[in-house]
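Trainee: this is a predicted model, with the sequence first.
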Amino acid sequence: MAPPRQGGAGPGRGQVLKPPRLLAIGRLKPGPEADLFAHYNARLRPPFIVTELPEARGSAAELRRREGAALLAALPEGALLVAMDLGGQAPSSEALARLAERWEATGRPLVFVIGGAEGLDPAVLARADHRLSLGPLTWPHFLVRGLLAEQWYRVQAIRGGHPYHRAWRP
């Protein structure tokens, strides 16, 4: 598949996409979750720039607070923050492709954040420009990386007219 280009009629048309960033709590160890993420991230053009932040210790509330502070401190200035959150919007893949186009049209660095096992701190959710869910099921935070990478690859396929996404399927 050729490198994806920005779609739409805006000023970014025809320019190569800026790499999205992924800030995540915890170090992804070798195994199926890491393999899944690596598989789809290698297909992305451009791939995610990943920053892993250490898991905190303490009570659930303390974990969220410490990890949330670390995530917010690692955000680039002016970032458009997309929080991966069970309570967020769960769009179809086509709707996510439209959201991606709007997000990229802002010209702001696009940053996805994935919290640790206890989820995201309310401060991160309050700072988020968008809350995105992968559906009503609860997914392990390490598996969310691979699922997000696959969906972002699907978004690029949709926007590029590549047959990877089969829109005819229900």
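Mentor: That came through, no problem.
Trainee: what's the nearest residue to Ala70 once chain neighbours are set aside sitting at in phi/psi?
Mentor: Counting by CB to CB, 6 or more residues apart in numbering, Leu53 is the residue found nearest to Ala70 once chain neighbours are left out, at 4.6 Å. C-betas here are computed from N, CA, C, even on glycine. Torsion angles at Leu53 (phi, psi; degrees, to the nearest 10) stand at phi -110, psi 150.
Trainee: and Leu53, how far from Gly135?
Mentor: Leu53 sits 25 Å away from Gly135, going by CB to CB, to the nearest Å.
Trainee: which one of these two has more residues nearby?
Mentor: Between Leu53 and Gly135, Leu53 has the larger neighbour count (other CB atoms under 10 Å), namely 21 against 9.
Trainee: can you give me the helices in this structure?
Mentor: 32-43, 60-74, 93-105, 122-127, 141-160 (DSSP state H).
Trainee: Ala83: which of those helices is closest?
Mentor: Set against Ala83 and scored by CB to CB, the helices of the chain come closest in helix 122-127, at 5.7 Å.
Trainee: quick check: buried residues in that closest one?
Mentor: 124-125, 127 (16 or more other CB atoms under 10 Å).
Trainee: pick the one among those closest to Ala74.
Mentor: Val124 (10.9 Å).
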